[in-house]
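Colleague: This is a predicted model, with the sequence first.
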Amino acid sequence: MLTKEEKIERIFKALDDYVERGGIEQRLKEQGISWRDFFAIRRADGRVAIRYEETQQDIAHQALHKREGIAENLLLDATMDARRARVSADILERNAAKLHPERYGDRIQHDVQTVDLTGAIADARQRAAVVTDASWHALPGRQALPGKQATTSDDSDPFA
């Protein structure tokens, strides 16, 4: 049975192999680490999480370098199929965006700001409480609503 530190060392080796040869799940199997153990250790140990994130970023950088190489080859080789080169480049770009979305992903940013309106609502209720039926209808040009009589009490809360 491997100790936690031995598992972490093997995970680091698998991550190094992943950068060179790809296929993280296969690299972990070669080191005797299950996919489930890898995720459990990655959640529990910050070193593994950071190293995995750095590895993903490295692979994203490599994918974009390959994409640039395809574009250069297309310019240099007139016999190369442009559609296939475009598809390959698009796939590499999408993979880079998945692996490192902060740098290579679509830039969609939502800035949401919330405002606390409880104070403004309380002030509005206070101002509205001052205007009662009697004071409203006493204004020049105002009449009582049909079927209602103007009240003279100021203690009624219209929002209660």
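Modeller: Perfect, thanks for sending it. Note that the coordinates shown come from a computational prediction; the quantities given were computed from them, not determined experimentally.
Colleague: Scan the helices and strands of this protein for the one with the lowest mean pLDDT.
Modeller: helix 133-137 (a mean of 58; mean pLDDT, DSSP states H and E).
Colleague: What average pLDDT does the helix or strand harbouring residue 127 get?
Modeller: Residue 127 belongs to helix 118-130 when assigned by DSSP states H and E. The average pLDDT for helix 118-130 rounds to 82.
Colleague: Any idea how far that helix is from the middle of the chain?
Modeller: When C-alpha coordinates are averaged (CA atoms, centre = their mean, to the nearest Å), helix 118-130 and its chain have centres 38 Å apart.
Colleague: Same question for stretch 35-50.
Modeller: Per CA atoms, centre = their mean, the displacement of stretch 35-50 from the mean C-alpha position of its chain is 21 Å.
Colleague: and stretch 79-98, which residues are buried?
Modeller: Neighbour counts using 16 or more other CB atoms under 10 Å place 85, 88-89, 92, 95-97 of stretch 79-98 among the buried residues. In this view, the C-beta of every residue, glycine as well, is placed from N, C-alpha and C.
Colleague: Any idea how many residues pack against residue 52?
Modeller: Residue 52: 19 surrounding residues under other CB atoms under 10 Å.
Colleague: so where's this protein shaky on pLDDT?
Modeller: Of all residues in the chain, those with pLDDT under 70 make up the ranges 74-75, 78, 107-109, 130-160.
Colleague: one more time with 80
Modeller: When residues are selected by pLDDT under 80, those of the chain lie in 19-20, 22, 63-65, 67-82, 84-89, 91-92, 94-112, 127-160.
Colleague: Tell me the buried residues in the helix ranked longest in it?
Modeller: If you go by DSSP state H, the chain has its longest helix at helix 46-76. Residues of helix 46-76 classed as buried: 48, 51-52, 55-57, 59-60, 62-64, 66-67, 70, 74 (neighbour count, 16+ other CB under 10 Å).
Colleague: what comes into contact with the helix or strand hosting residue 36?
Modeller: Under the criterion of DSSP H and E, residue 36 resides in helix 35-44. Residues from elsewhere that reach helix 35-44 (CB atoms under 8 Å, 6 or more residues apart in numbering): 4, 7-8, 11, 14, 25, 28, 48-49, 52.
Colleague: Lovely, talk soon.
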